[in-house]
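J.: missing the sequence, but the structure's below:
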Ligand code: SF4
């Protein structure tokens, strides 16, 4: 493997864990067979983690712009808190539909991102609220900080290699925070009751510590990413469209590809690493479908705990993920057509913004905004 890849992290190994990322316009990389529009900011945000990015649940992924939840490492999913930092994004097609939440037009989903796949696995009703009803969610301080840190790490690579130092990176924080407030004014709500700016100062200081920790895990002076914030989209033979945003892609002269994702939360316990790798395998599948190349390495960089988790996938891994996503998509389509979205209460409900609409908490979902197909005779 080329030094540009080796320099950055752990040595090759399968699912090895060692001790020692939105809102921007992402570079598009889409399948020729399924040309995708350059994503809008909200599209990019959604594909990157969007509303409720969660690492949660039985087989989920890592939401890039999220931080660790109190439940971290306690149950098989909640490595990070859901990211309610954005309104439900466009994992939905443009098309006819009834009025959804906040006056948005509700339409049937036509594509899947790691975050939304994770939502459905965590709780089908949560998926419905986010993707079909598009109910608004409050921004969270942790997720917004994750977004800020991702922006800083991305922009640092604009500087010449020798100037990619920790002080330089930290100096980018105020400007990136300004940009984030401009692109997503709702994040200013986070500090609306902070007149003396004390909480904001502490929040920014923590962002600085996370940025600084990155330099103990990777050496950006020895990295030249092939892509940063890469928007990817591919259509599988089944017609399922997969999309997402990859924080960083490194490509060796030999053509070996490494996919890197930054997490501002803590690394999961080893027994939960598979869940954390789901998102990365999803991206690896998309890259394989787009480029015909199985990424050599998947790398999760946990800034919260200072860990790096790597995995070297093979073709069988990607085929398994594809089968799993196909089954998941079948279940989503079935629920979309029948209007039956079951709540699945877990510890992660504590992070859900929709308890007021959830029957598990005495709430009532809004009227289902899509047409419902009548059950066929003989079916339950
Ligand atoms: S509160 Fe309800 S909708 Fe939200 S995750 Fe829990 S069961 Fe699902």
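T.: Perfect, thanks for sending it. Treat the numbers as computed from the prediction; the structure is a model and nothing was measured.
J.: Residue 277 - nearest residue in space that isn't next to it in sequence?
T.: residue 311 (5.3 Å; CB to CB, 6 or more residues apart in numbering). C-betas here are computed from N, CA, C, even on glycine.
J.: correct me, but that neighbour touches residue 279?
T.: No - Residue 311 lies out of contact with residue 279 (CB atoms under 8 Å); the separation is 11.3 Å.
J.: More neighbours: which of the two?
T.: residue 279 (29 against 24; other CB atoms under 10 Å).
J.: From residue 268, how far out is the residue of the stretch 151-300 of the chain found nearest the ligand?
T.: Evaluated by CB to the nearest ligand atom, the stretch 151-300 of the chain has residue 275 as its residue closest to the ligand, separated by 16.3 Å. Separation of residue 275 from residue 268 (CB to CB, to the nearest Å): 7 Å.
J.: higher neighbour count, the two?
T.: Neighbours were counted for residue 275 and for residue 268 using other CB under 10 Å; residue 268 has more, 29 against 23.
J.: Return the set of buried residues in the longest helix that the chain contains.
T.: Ranked by number of residues, the top helix in the chain under DSSP state H is helix 315-338. Of the residues in helix 315-338, 317, 318, 321, 322, 324, 325, 328, 329, 332, 335, 336 count as buried by neighbour count, 16 or more other CB atoms under 10 Å.
J.: next one: stretch 363-375
T.: Quick answer for stretch 363-375 (16+ other CB under 10 Å): 365, 366, 368, 369, 370.
J.: what sits up against that stretch?
T.: Contacts with stretch 363-375, where a contact means CB atoms under 8 Å, 6 or more residues apart in numbering, come from 97-101, 106-108, 125, 128-129, 132-133, 135, 336-339, 341, 354-359.
J.: all helices for the stretch 101-250 of the chain, in order.
T.: 114-122, 124-127, 141-156, 166-171, 173-183, 198-217 (DSSP state H, counting those that start in this stretch).
J.: ok so, going back, if any of the contacts of stretch 363-375 are buried, put those into a PyMOL selection.
T.: If you want just the buried ones from these in PyMOL, going by 16+ other CB under 10 Å, the selection is:
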select buried, resi 97+100+101+106+107+108+125+128+129+132+133+135+336+339+341+354+357+358
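J.: if we look at the ligand, which of the contacts of stretch 363-375 are close to it?
T.: 125, 354, 355, 358 (CB under 6 Å from any ligand atom).
J.: how near is the last one to residue 128?
T.: Residue 358 sits 11 Å away from residue 128, going by CB to CB.
J.: Tell me how many other residues crowd the closest residue in space to residue 206 that isn't next to it in sequence.
T.: Spatial nearest neighbour of residue 206, excluding adjacent residues (CB to CB, 6+ apart): residue 145 at 6.6 Å. Using other CB under 10 Å, residue 145 is surrounded by 24 other residues.
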